[in-house]
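Visitor: Here you go, sequence then predicted model.
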Amino acid sequence: MIEVKNLTKSYGSFKAAEDVNLVAKDGCITILLGPNGAGKSTTIKSIANLLKFDGEIDICGYPNSTVEAKQAFGYIPDTPVLYDLLTIDEHVDFIGSAYKVENYREVADHYITLFDLEEKRKKVAKELSKGMRQKLSMLLALVIQPKALLVDEPMVGLDPASIEETLDLFVKLKDEGCSILISTHIIDIIENIWDEAYIMDHGRIVKTASRSHMNGESLKDLFFKYTSVEVKNDEILD
Amino acid sequence: MKSLIKLSLLKMRGQVRALFSKPTSAVATIFMVLLYGAIIVGNFMNSSSEDVIGMSIDIHIGILVSLAMSALMVIMQLMNKNKAMLMGEDAFYLLGGPFSRRQVQSFVVGYTYVQAIYMSLLSLFMVISLVGSTSMLVILCIFLANYFIYVFFLGLTDYLYVVGIVFPKLANVAKYVGYAILICVFAVAGYFVFETGFDLQTALLKFAQTDAFYFIPVFGWAKMFISGAVDGNTLYTLLGLGLLVVSSIVIFILFRNFPYDYHEKAIEDSFALSNKMKAAKSGNTDAMRDTSKLKNYNSKFKLGAWAISSKLILEMRKRKQLVSIQELITLALFAGMSIILEFGIVWFSGMLVYWVVISSQTANFKEEFQNYMIYLIPDSPLKKMLAIVGPTILKNIVVVALAITVVGVIGQEKIYDIGYAIMMVVGYLFVCISANILTLRLFKSTANRTFVLLMQMLIVILCIIPSIALSVWLLFTLTLQEGQILQLFSIVSIFANIVVAGIIIFLCRNMLNGRELQSE
């Protein structure tokens, strides 16, 4: 479980995230929705302990700065950060050894097959396509068998088939009890898989929603109702 | 053509604007201009009192070093696999725009002429810093000679590049030209070594001073031109300059009138090179590397934070940086000079300190310190810090110890002196590594490399202060004989440097928790 209490992140006088409270429960897919600049990535990065912040964040019951918390969660950034000269297998060996995961090879083999990376495993990261790099980034987050998964704009660079596979994978992980927190602004993609949603705008959570309490309203309706994003008629026609 | 010239001017204005867009960048730019300006103006102010002819031996070697530097630059350019005629944006607008082939080629030549000015100024600066003050005439000749070298070779590189596109069988000609120049240099140098009965010291001086060097194409003519001016030999001056000008004109005509179509590949190469250069500029040191022939190694990773060390060693092996050819050449050059010219182990240790300063600056710590994967590894920040700096420290200690031992044994130095020299260089190695980390900690962004380099040097100096202070304090506290004072300074500085470095590394350990560097 991921618990965020009163998270505030300021850059000088600008508050990128203000008094954010959220819970991503075990066995649930929680969505952090918002327009560009709403504070989604700031929140995700604060949870991953990559930013200084005010407030309290626990992952699986441990403060996010502790070794125990780091052991428990996987992070998939919006832009993959990989080592150009390492092959897929070497990346896996590096992360598996650094996290001291005992059976990481078996887990990695499973995901390598799933992501269709079999033929590329001896290729260095520099020679991989954008989509392949994104898949490798996901593979590295999953190889540690995380109890919580933080995902920042996950579908960038993936083709439609890979997007479907990734969504299925998230559902499978959720069914295994993993708590998944996804930050995105593309509502259509996650429409069928979300359980809980937090809508952010101007650094604040402006609406919380649960799939079981939607009363026929769509997530998209809620998004436009509670955010400052305006859609002009001519844009819809386009 | 007017629009192309306007484009060049707009780009130049954009570059100047970018330099002054941030206060740090503006301050660093002004500082560098003042620094170089002060050196050059200082040189001019002294030049009137100096006798140019009287210092001709020094200047001959200075000229040779400057020509060697220019040769290194142009040969590297000739043999470089990452080639493009233009940068990506230029290629897109020029080769795809409403311009004739001749107009585009003229633009490229014009760009080469401007580029040659910057590069020849660098060579000129090198000579001035080597020989001290000299006359305006000599400075002008050195600048012109290097300018024509760059104009000729940059033009030749572009010409051979387009020839290689149109006629793939000739794609390797540039490489053979590079080899041919090297063979010429070695042939002339070998002749002198043989003639002097393998007396390397005399051979070097002869190589620098006699006329045989003039037989090396372009570089020999450049030396003929400068030496002619230094020695007051008008025939040599005019002949050297004439040959340089004619060769540059020939290349200009050949390239400007190249009649074949090469646009598609030129645009493709331009974008590929631009992307690589942008990645390299943002800190990705592997961006320019050709990974198609990368060797695979059997790698085993240690557990926890130490996996970072395993990864770094694996990357070093793949980059062939455990001991690179470049490092071997530099060390061999220093060792050779130390042995042949009998400079001794103290001079060699000094050169190794310089090598360590450069080596620690190029160590790729930034990539590790700014990678989220490293922050997330569930282990203590101090262990991660040691795992990152460990391989570089270990590698440098091994190289330094081996190099000093070899030079010391050949020079029949005492074991104590060899051991002492090793410890001294290792002390500075620790200071340089810790200064590198501290710079990254203090300035976070390393976008302005010149500024960071200056800060690094400043921090290295600050780190050395405690050792000097401690030595002075001990000097006044203890009663020492004259011969022991230098020894005291040396030994105290070695240990103080290691201790200061250790404290800095310990205090900076939290950089590896992810919050310290990325937050602001």
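Guide: Nice, thanks for sending it over. Residues are numbered from 1 along each chain as shown, chains lettered A, B, ... in the order given.

Visitor: residue ranges with poor pLDDT in the stretch 51-200 of chain B?
Guide: Applying pLDDT under 70 to the stretch 51-200 of chain B picks out residues B:51-59, B:88, B:129-134.

Visitor: try 90
Guide: Counting by pLDDT under 90, the stretch 51-200 of chain B has low-confidence residues at B:51-116, B:118-143, B:168-200.

Visitor: And the residue of it that's closest to chain A?
Guide: Residue nearest to chain A within the stretch 51-200 of chain B: residue B:82 (13.7 Å; C-beta to the nearest C-beta). Glycine gets a C-beta too; all of them are placed from N, C-alpha and C.

Visitor: Report how many residues lie close to that residue.
Guide: 14 (other C-beta atoms under 10 Å in any protein chain shown).

Visitor: I'd guess it is in a strand, am I close?
Guide: No - using DSSP: H, G, I helix; E, B strand; the rest coil, the secondary structure at residue B:82 is coil, not a strand.

Visitor: residues contacting residue A:217?
Guide: Residue A:217 is in contact with no residue at all, counting by C-beta atoms under 8 Å, 6 or more residues apart in numbering or on different chains.

Visitor: Then the one 5 residues further on?
Guide: Residues in contact with residue A:222 (C-beta under 8 Å, 6+ apart) are A:197, A:199, A:207, A:209.

Visitor: I'd guess the second one is in a strand, am I close?
Guide: Yes - residue state for residue A:199 (three-state DSSP) corresponds to a strand.

Visitor: For the one helix or strand residue A:18 maps to, output the C-alpha coordinates as PDB.
Guide: Using DSSP states H and E, residue A:18 maps to strand A:14-24. Extracted C-alpha coordinates of strand A:14-24, given in PDB (Å, rounded to 0.1, in the frame of the first residue of the first chain):
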ATOM      1  CA  PHE A  14       5.400  28.000  -6.700                       C
ATOM      2  CA  LYS A  15       3.700  24.900  -5.200                       C
ATOM      3  CA  ALA A  16       3.900  22.100  -7.700                       C
ATOM      4  CA  ALA A  17       1.900  19.800  -5.200                       C
ATOM      5  CA  GLU A  18      -0.100  21.200  -2.300                       C
ATOM      6  CA  ASP A  19      -1.500  19.200   0.600                       C
ATOM      7  CA  VAL A  20      -1.900  16.000  -1.500                       C
ATOM      8  CA  ASN A  21      -3.500  13.100   0.400                       C
ATOM      9  CA  LEU A  22      -3.900   9.700  -1.400                       C
ATOM     10  CA  VAL A  23      -4.000   6.000  -0.700                       C
ATOM     11  CA  ALA A  24      -3.100   3.300  -3.300                       C
END
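
Visitor: Pull the residues that contact that strand.
Guide: A:1-10, A:30, A:32, A:39, A:42-43, A:46, A:53, A:55, A:148, A:179-181, A:196, A:198, A:200, A:203-205, A:208.

Visitor: And stretch B:330-347, by the same measure?
Guide: Residues contacting stretch B:330-347 (C-beta under 8 Å, 6+ apart): B:200-201, B:204, B:348, B:351-352, B:355, B:399, B:403-404, B:406-408, B:410-411, B:413, B:417-418, B:421.

Visitor: same thing but at 6 Å, please
Guide: For stretch B:330-347, contacts defined as C-beta atoms under 6 Å, 6 or more residues apart in numbering or on different chains pick out B:200, B:201, B:348, B:351, B:403, B:407, B:408, B:410, B:411, B:413, B:417, B:421.

Visitor: list the contacts for residue 104?
Guide: Answering for chain A, as no chain was given. A:96, A:143.

Visitor: oops, chain B please
Guide: Residue B:104 neighbours (C-beta under 6 Å, 6+ apart): residue B:94.

Visitor: Repeat the analysis, applying 10 Å as the threshold.
Guide: B:4, B:85, B:86, B:90, B:91, B:94, B:95, B:97, B:256, B:263, B:266 (C-beta atoms under 10 Å, 6 or more residues apart in numbering or on different chains).

Visitor: hang on, the fifth one in a helix?
Guide: Yes - note on residue B:91: a helix contains this position according to three-state DSSP.

Visitor: close enough to count as contact, it and residue B:111?
Guide: No - at 11.9 Å, residue B:91 does not count as touching residue B:111 under the criterion of C-beta atoms under 10 Å.
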